[in-house]
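Enquirer: Return atomic coordinates for the entry below.
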Amino acid sequence: MSDIRVIETRDGSSSLLIPEMNETYHSTHGAITESEYVFLKMGLDHFRDKHPEQKEISILEIGFGTGLNVWLTALAVENSGLKINFFSIEKYPLKPELIEKLNYKDKRKSDGARSLFAKVHEVEWEKQCEISQAFSLTKIQTDIATFSPDRESYDLIYFDAFAPSKQPEMWSQEVLSKMHELLKPNGVFVTYCAQGQFKRDLKAVGFDTEELDGPPGKKEMTRGTKMATK
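Expert: Down below sits the predicted model:
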């Protein structure tokens, strides 16, 4: 993917535009706003509310991208008493000089936030690293087809692939079935997408699905739960 451009979204935070795909990495209505709402509020916070006794959570992210979801999650759990083991896959990691042009650090001006952002991007690929007492990160350079961890490895999946219209293979029943297999019983799958065929496919592979109000600029989003068998 060449000629990726930095753009500013409506909440003032950066995103990236891929002109050849006419696709952005985040909602143009607000990159940080979307990530905090879709993945933290409707994903992590929801899981914590459902499982208040659980003090260690394993998260899989499909699409590391700019590292925004990782960074915001790491910030959210600082001093929370919660431990996050975060795994993020990305086939095409961005170049450091492009990451440096993003303004996320300016939106969270504490030294701790800036330090965490740097650590997220300094972590070597394929190596597990403790970037704080509350947060372990493993970045994996691969695609979803060849990614093969153990079944029932994760409590929560952030599914942040490009839209179905741009990357339809990522939203196939085969991929969604794999996501279902990778989740532990009662695990949660969350994504910004609310496309009709996607929701039907999510149900078809075994998820209990919810249509939720979307972030600014988007009517709906989707959450799925892998129900525990009795």
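
Enquirer: Return the set of buried residues in the longest strand that the chain contains.
Expert: Taking DSSP state E as the criterion, the chain has its longest strand at strand 183-191. By neighbour count on 16 or more other CB atoms under 10 Å, the buried set for strand 183-191 is 183, 187-191. No exception for glycine: its C-beta is placed from N, CA and C like everyone else's.

Enquirer: which residues touch Thr222?
Expert: 190-191, 193-194, 198-199, 202, 209-212 (CB atoms under 8 Å, 6 or more residues apart in numbering).

Enquirer: Need the buried ones from the residues you listed selected in ChimeraX.
Expert: Here is the ChimeraX command that selects the buried residues among those (16+ other CB under 10 Å):
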select :190,191,193,198,199,202,210,212
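
Enquirer: Quick one: mark the members of the contacts of Thr222 that sit in helices.
Expert: 198-199, 202 (DSSP state H).

Enquirer: Which one of those is nearest to Leu82?
Expert: Nearest to Leu82, judged by CB to CB, of these is Leu202 at 27.0 Å.

Enquirer: Thought Glu8 was touching Thr28, still the case?
Expert: No: Thr28 lies out of contact with Glu8 (CB atoms under 8 Å); the separation is 9.2 Å.

Enquirer: who has more neighbours, those two?
Expert: Taking other CB atoms under 10 Å, Thr28 and Glu8 do not tie; Thr28 has more neighbours (15 against 12).

Enquirer: Look up phi and psi at that one.
Expert: With angles defined as degrees, to the nearest 10, Thr28 sits at phi -70, psi -10.

Enquirer: Can you tell me, leaving aside adjacent residues, what's nearest to it?
Expert: Of all residues not flanking Thr28 in the chain, Thr9 sits nearest, at 5.2 Å (CB to CB, 6 or more residues apart in numbering).

Enquirer: What count of nearby residues applies to that neighbour?
Expert: By other CB under 10 Å, neighbour count at Thr9 equals 21.

Enquirer: what's the answer for Lys101, then?
Expert: 10.

Enquirer: Any figure for the gap between it and Trp71?
Expert: From Lys101 across to Trp71, the span is 15 Å (CB to CB, to the nearest Å).
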